[in-house]
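Show me the folded form of this:
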Amino acid sequence: MKLLSSKILNLLKSNIQVNQTIILTFLLLMWVEIYDLNISYLEIFITFLTVISLDLFFIKYNTWKWVFPFSWVNAWFWITFFLRSTDLILYIFAWVLAIVWKNVFKKDGKHFMNPSNMWVFLTLVLFPQYAWINTLQWWNYNWSIEYNYFIILFIVFLLWIFISLRVKNFFKFNYLMDLILPFFLLHSILFFVIPFHETFNWYLEFFSVSFFIFTFFMLTDPKTVPKKSLSRVFYSISIVITFYLLQFFINEWYSILWAL
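Alright, predicted model coming up:
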């Protein structure tokens with residue numbers, strides 16, 4: 001028992017992907033149990049099981065080793081976080097294409113676009129009558145901001161700070177100054193400039209829990225983020241500008257996914 005606990009502790013200390021998996025699992029369970037995320041445990045379990053199974057197959061095919069794909073547990077999270085449907089087959093459709101995309105369209109350890117984000121959006125586009133996105137699902141239905149809303153925002157910030165410090169210590173990645181801040185600051189400025197007549201309450205509603213989960217845990221994907229600092233600044237700026245162009249033509253929450 002002591003040996004097992006020691007192995008688990010070492011895994012938590014040495015594997016950042018395990019840390020992120022625990023954090024995202026906590027957020028997902030809290031979203032379902034407390035904030036009534038509109039997804040069943042069956043849909044969550046089937047998506048998780050099948051995502052892992054297919055990626056295990058690709059790893060075995062490419063390396064002839066059985067290695068648990070911690071990094072691709074994240075594909076399960078993004079699909080369960082942002083994709084809504086009453087048809088289980090659409091969750092399966094999204095993850096199959098995401099895993100195939102991830103394993104086919106890559107070069108030098110980098111992905112061509114974020115695969116899970118890509119196929120969540122395309123599922124929304126291809127099946128508009130059967131799939132949708134609901135990012136206001138953190139008790140924020142009544143157009144007012146309550147204290148419990150700020151509590152969960154604070155928790156998300158703390159969890160991101162923890163995982164970002166872990167990433168910085170291990171890989172020397174620091175996305176705060178050249179990715180997160182330009183993205184958020186430009187978004188904040190253009191929010192009041194381009195749409196016109198926006199209020200501070202609408203600002204708080206738009207920059208919601210879902211927005212920061214997307215920013216902290218999706219936007220910072222090291223497999224798609226540019227390696228050079230200046231490139232990351234232009235990368236974040238281009239995503240924001242693309243969003244404000246797209247939101248004239250399609251739903252703004254779809255625009256967030258498509259801009260990335």
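
gap between the closest residue to H111 other than its chain neighbours and I194?
Nearest non-adjacent residue to H111, counting by C-beta to C-beta, 6 or more residues apart in numbering: K223, 4.6 Å away. Using the backbone N, CA and C atoms, a C-beta is placed for each residue, glycine as well. Using C-beta to C-beta, to the nearest Å, one gets 30 Å for the distance from K223 to I194.

Could you do Y41 as well?
For Y41, the distance to I194 - C-beta to C-beta - is 40 Å.

For these two, indicate the residue with more neighbours.
With neighbours defined as other C-beta atoms under 10 Å, Y41 and I194 compare such that I194 has more, 14 against 9.

what helix or strand is P222 on?
If you go by DSSP states H and E, P222 is not part of any helix or strand.

Skipping adjacent residues, who's closest to it in space?
Nearest non-adjacent residue to P222 (C-beta to C-beta, 6+ apart): F173, at 6.4 Å.

List the backbone torsions phi and psi for that neighbour.
phi -90, psi 130 (degrees, to the nearest 10).

my guess is T21 meets I52, correct?
No: T21 is beyond contact range of I52, at 11.2 Å (criterion: C-beta atoms under 8 Å).

Tell me the residues that contact both of those two, please.
V73 (C-beta atoms under 8 Å, 6 or more residues apart in numbering).

The residue nearest to P222 contacts D221, correct?
No: in this structure, F173 is not within contact of D221 by C-beta under 8 Å, at 11.1 Å.

Pull the contacting residues for K107.
No contacts exist for K107 under C-beta under 8 Å, 6+ apart.

quick one, phi psi at it?
Residue torsions, per degrees, to the nearest 10, at K107 are phi -160, psi 130.

centre of the chain versus stretch 188-203, how much separation?
Distance of stretch 188-203 from the chain centroid (C-alpha atoms, centre = their mean, to the nearest Å) equals 24 Å.

Tell me the buried residues in it?
F191 (16 or more other C-beta atoms under 10 Å).

Of all residues in this protein, which one is nearest the centre?
M218 (3.5 Å; C-alpha atoms, centre = their mean).

Break down the stretch 101-250 of the chain into its strands, ranges please.
106-107, 110-111, 131-132 (DSSP state E, counting those that start in this stretch).

okay, the ones you listed in TSV with mean pLDDT and distance to L204 next?
Converted to TSV, the strands of the stretch 101-250 of the chain look like this (pLDDT from 0 to 100; distance: least, C-beta to C-beta, whole Å):
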stretch	mean pLDDT	distance to L204
strand 106-107	77	38
strand 110-111	76	33
strand 131-132	89	23
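
Do a quick rundown of the helices in this structure.
2-14, 16-33, 41-63, 73-82, 88-104, 115-126, 147-171, 181-193, 200-206, 209-217, 229-246, 252-259 (DSSP state H).

how about those in JSON lines, adding distance to W132 and mean pLDDT?
Converted to JSON lines, the helices of the chain look like this (distance: least, C-beta to C-beta, whole Å; pLDDT from 0 to 100):
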{"stretch": "helix 2-14", "distance to W132": "36", "mean pLDDT": "65"}
{"stretch": "helix 16-33", "distance to W132": "16", "mean pLDDT": "83"}
{"stretch": "helix 41-63", "distance to W132": "14", "mean pLDDT": "79"}
{"stretch": "helix 73-82", "distance to W132": "10", "mean pLDDT": "79"}
{"stretch": "helix 88-104", "distance to W132": "10", "mean pLDDT": "83"}
{"stretch": "helix 115-126", "distance to W132": "7", "mean pLDDT": "86"}
{"stretch": "helix 147-171", "distance to W132": "22", "mean pLDDT": "83"}
{"stretch": "helix 181-193", "distance to W132": "23", "mean pLDDT": "92"}
{"stretch": "helix 200-206", "distance to W132": "18", "mean pLDDT": "79"}
{"stretch": "helix 209-217", "distance to W132": "14", "mean pLDDT": "86"}
{"stretch": "helix 229-246", "distance to W132": "17", "mean pLDDT": "93"}
{"stretch": "helix 252-259", "distance to W132": "9", "mean pLDDT": "84"}
